[in-house]
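In: predicted coordinates and the sequence they were generated for:
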Amino acid sequence: MLPDVLTLKEAAAWLRLSERALYDLARARQLPAALLGGKWLFPRALLERWLAARAESEAPHRTAPPPVLAGSHDPLLDWAVRQSGCGLALRSGGSLDGLDALAAGQALAAAVHLRDPDSGDWNAPAVAQALGHGGHVGITWAWREQGLLVAQGNPLGLAAVVDLARPGLRVVGRQNRAGSHVLLVHLLNEAGLRLEAIAFLSEPAMAEDEVAAAVADGRAEAGFGIRAEAIARGLDFVPLVRERFDLVMARRDFFDPPLQALLTFARGAAFAARAARMGGYDIAQTGRVAFNG
């Protein structure tokens, strides 16, 4: 049995490549790999997924994915899917879940907001790692404000991510595969804090509106989420990050009628008015190609 994490030599033997060829692919970020302590390491599960995605992209025939939009929860996206009549079904299990569903052919597109901790780039590195290079495109849905949701008036004076570690402070978190959770872990690492330093509620919020509800109901003093949900619940908001929220799909599926119906609706006046009322969104780049994977 192969280990879960392969060395360069083990991965090269498994892929039947020379070590030099695999080294060049890893340096070019063309397959899932991590450079730790001067050595390249390869997560076997991601490598298997990458290889399967490459094989699928080169196959002459494939089964069309179902009209499902998987991935991260976003209230503006939820509203637009309903109002546009595009026919997409929503499966909001988090950004990483969305990429898994896309890789498995269980979704037409995935909604993601994942920042690469090394480059600071949004979504493209995570998509390349999960799906491999070639065949996918990222379409900008919106830029959003992420930060701390706190009670009206911010009575505890929370101002930065380090404040979440205050003794006695109850924090509502998100599920592990949510993009908001991944981003919060990055911010805590940058601040020199471990996730265990935060007193999270026992049950994570499964969507953005659940974060706001927990703070509004007094079950938590703070949560990490988007400005739009703070406004909807009459909460105060401490901005920390401006993030790009993308829709990722196979390039050949971009012109699929459900996706085109959704993106056409997002260019209209009703969509712009809704985004302005909700707050915390910048839709100037909505519908533009953010990256080609």
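Out: Done, it's in.
In: OK, contacts around G287?
Out: Residues near G287 by C-beta atoms under 8 Å, 6 or more residues apart in numbering: 139-140, 263, 266-267. The way it works is simple: take the backbone N, C-alpha and C, and place the C-beta from them, glycine included.
In: hmm, 6 Å instead?
Out: 263, 266-267 (C-beta atoms under 6 Å, 6 or more residues apart in numbering).
In: before we move on, what about L187?
Out: With C-beta under 6 Å, 6+ apart, L187 has these contacts: V161.
In: doesn't it fall inside a helix?
Out: Yes: under DSSP: H, G, I helix; E, B strand; the rest coil, L187 falls within a helix.
In: so how far is G71 from it?
Out: 21 Å (C-beta to C-beta, to the nearest Å).
In: try N176
Out: 14 Å.
In: neighbour count for these two, which is higher?
Out: A direct count of neighbours by other C-beta atoms under 10 Å for N176 and G71 places G71 higher, at 34 against 13.
In: would you map the strands across the stretch 51-200 of the chain?
Out: Along the stretch 51-200 of the chain, counting by DSSP state E, counting those that start in this stretch, strands occupy 68-71, 89-92, 109-112, 136-150, 171-172.
In: and the longest helix seen in the chain, C-alpha only, in CSV?
Out: Longest helix of the chain, by residue count under DSSP state H: helix 44-58. Extracted in CSV, the C-alpha atoms of helix 44-58 (Å, rounded to 0.1, in the frame of the first residue of the first chain):
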residue,chain,number,x,y,z
ARG,A,44,-1.7,10.7,-3.1
ALA,A,45,-5.5,11.3,-3.1
LEU,A,46,-5.1,14.7,-4.9
LEU,A,47,-2.7,13.1,-7.3
GLU,A,48,-5.2,10.4,-8.2
ARG,A,49,-7.9,13.0,-8.6
TRP,A,50,-5.6,15.1,-10.8
LEU,A,51,-4.8,12.1,-13.0
ALA,A,52,-8.5,11.2,-13.3
ALA,A,53,-9.3,14.7,-14.3
ARG,A,54,-6.6,14.8,-17.0
ALA,A,55,-7.9,11.4,-18.4
GLU,A,56,-11.4,12.7,-18.4
SER,A,57,-10.5,15.9,-20.2
GLU,A,58,-8.8,14.0,-23.0
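In: tell me which residues are up against it.
Out: Residues contacting helix 44-58 (C-beta under 6 Å, 6+ apart): 2, 4, 6, 31-32, 103, 131-132, 135.
In: filter the residues you listed to the buried ones?
Out: 6, 31-32, 103, 131-132, 135 (16 or more other C-beta atoms under 10 Å).
In: show me which of the residues you listed is closest to D118.
Out: Nearest to D118 out of the buried ones among the contacts of helix 44-58 is P32 (C-beta to C-beta; 13.9 Å).
In: now do the contacts for H113.
Out: H113 is in contact with 72, 95, 179, 243, 245, counting by C-beta under 6 Å, 6+ apart.
In: of those, just the buried ones, PyMOL syntax please.
Out: In PyMOL syntax, the buried subset of these is picked out as below (16+ other C-beta under 10 Å):
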select buried, resi 72+95+179+243+245
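In: for P75, grab the count of nearby residues.
Out: Neighbours of P75 (other C-beta under 10 Å): 19.
In: which residues sit in contact with the residue lying closest to it once chain neighbours are set aside?
Out: Spatial nearest neighbour of P75, chain neighbours left out: A228 (5.8 Å); criterion: C-beta to C-beta, 6 or more residues apart in numbering. Applying C-beta under 6 Å, 6+ apart, we find A228 in contact with 75, 278-280.
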